[in-house]
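In: Got a predicted structure here, sequence first:
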Amino acid sequence: MSPANPWSSYRQVATQTATPGQLVLMLFDGAIRFLERARLGFAETDPLAFNQTVNNNIQRAQAIIHELNTSLNVRDGGELAENFRRLYDYMDDRLMESNIRKTDDGVTDVLRRLGVLRDAWAEMLARRGESVAAGGGLAFASHA
C-alpha cells in the first residue's frame, strides 16, 4: 500500500478550511491557470499535443466558469448576479469558439476578463480582512 499523496491531502485541507470568498478566488485562479496553459498549447507544433493541450485546458476552464455561474445567487444578488451570469455565459461562448476554431482570440479575451475579476475579488477579500492566500498560499497546480 503506497502512502497518501501529501500534496493531495494539503489541497483537500486548504479547500475544506477556506471561506466561500477564498473558494471563489481559488476558482478564478484555477480558470486563469488552465487558460494560460491553453494559450501555451497554441504554440505546439505536434497536432496531437496541440489539440490535447488546447482542448483539455479550455474545457477545464469552462467547467470552472460553469461552476462560478451556477453558484450565483440570483434571488439575493439581483441585477448584479444577472450581470455576472451574462458575463460568464459570454466567457463560455468565447472559449467554445476558440476551442472549435483553434484560435487563441477567445482565450486571450477571457483571460483578460478573468484577471480583472480575480484582482477585484482579491481586493474585496483583503478589504474585508480575509486572507487572499487561501490555504496558506496554496496554488492549485496539477502535480501528477
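Out: Everything's here; your move. Bear in mind that the values here come from a model prediction, so they are computed numbers and not experimental data.
In: ok, for D89, nearest residue in space, not its chain neighbours?
Out: Nearest residue to D89, sequence neighbours excluded (C-beta to C-beta, 6 or more residues apart in numbering): N69, at 7.0 Å. C-beta coordinates here come from the backbone N, C-alpha and C atoms, glycine included.
In: buried ones in the top helix by length along the chain?
Out: Secondary structure assigned by DSSP state H gives helix 74-101 as the longest helix of the chain. Neighbour-count burial for helix 74-101, counted by 16 or more other C-beta atoms under 10 Å, picks out F84, R85, L87, Y88, M91, D92, R94, L95, S98, N99.
In: sorry, back to before: let me see the contact set for the residue nearest to D89.
Out: The neighbours of N69, taking C-beta atoms under 8 Å, 6 or more residues apart in numbering as the test, are F84, R85, Y88, D89, D92.
In: Next one: it from Y90, what distance?
Out: In this view, N69 and Y90 are 11 Å apart by C-beta to C-beta, to the nearest Å.
In: And Q22, by the same measure?
Out: Computed with C-beta to C-beta, the distance linking Q22 and Y90 is 25 Å.
In: Regarding G129, what are the backbone dihedral angles?
Out: phi 80, psi 10 (degrees, to the nearest 10).
In: pLDDT at it, what is it?
Out: Note for G129: predicted pLDDT of 87.
In: cool, D109 as well?
Out: pLDDT recorded at D109 is 98.
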